[in-house]
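Enquirer: any chance you can model this:
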Amino acid sequence: MLATKEGGEIVLLSPCHEGIGPHADQFMNLVDLDTLEILDRIRKGKIEDIMGASEVILLNLMKDKCKLTIVSEGLSEVEVKKMGCRYVPLLSLQALINRCLKSNLRIGVIHQSAEIFPKYVKS
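Expert: Below is the predicted model of the structure:
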């Protein structure tokens, strides 16, 4: 599903000028729920904003596979932690990079990736 191996880590480094985005209220109301609960609520007509719900489902799929770290001035530590992600302040970015470089990791960087969803293919 993702370009990150099972148990790996995705680091989102983005200014997030819009914060969570246009579906923020729906997103934050659902972010504590698992995917099956969200799908059940959709089927019962209890969720009107399907787009906000789909974003939480995608987040849940990613969290099931790997760790998510967010470095952003546009999202608060409270929001990031509520999403179940690790928060790293922008001032600590270099320390995060140094930690990653010291370990035996393969690092991929995707620029301007708002609409890109890479897939890892075993070779």
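Enquirer: A strand includes residue 68, no?
Expert: Yes. With DSSP: H, G, I helix; E, B strand; the rest coil as the criterion, residue 68 is part of a strand.
Enquirer: which non-adjacent residue is nearest it?
Expert: residue 85 (4.2 Å; Cβ to Cβ, 6 or more residues apart in numbering). C-beta: built from backbone N, CA, C; applies to glycine.
Enquirer: roughly how far does the one you found sit from residue 21?
Expert: Here residue 85 is placed at a distance of 15 Å from residue 21 (Cβ to Cβ, to the nearest Å).
Enquirer: who's more crowded, the two?
Expert: Between residue 85 and residue 21, residue 85 has the larger neighbour count (other Cβ atoms under 10 Å), namely 20 against 12.
Enquirer: do you know the pLDDT at that one?
Expert: The per-residue pLDDT reported for residue 85 equals 95.
Enquirer: I'd like the distance between it and residue 31.
Expert: For residue 85, the distance to residue 31 - Cβ to Cβ - is 10 Å.
Enquirer: which parts of the biggest helix by length in the chain are buried?
Expert: The helix that spans the most residues within the chain, counting by DSSP state H, is helix 50-65. Buried residues in helix 50-65, defined by neighbour count with 16 or more other Cβ atoms under 10 Å: 52-53, 55-57, 59-60, 62, 65.
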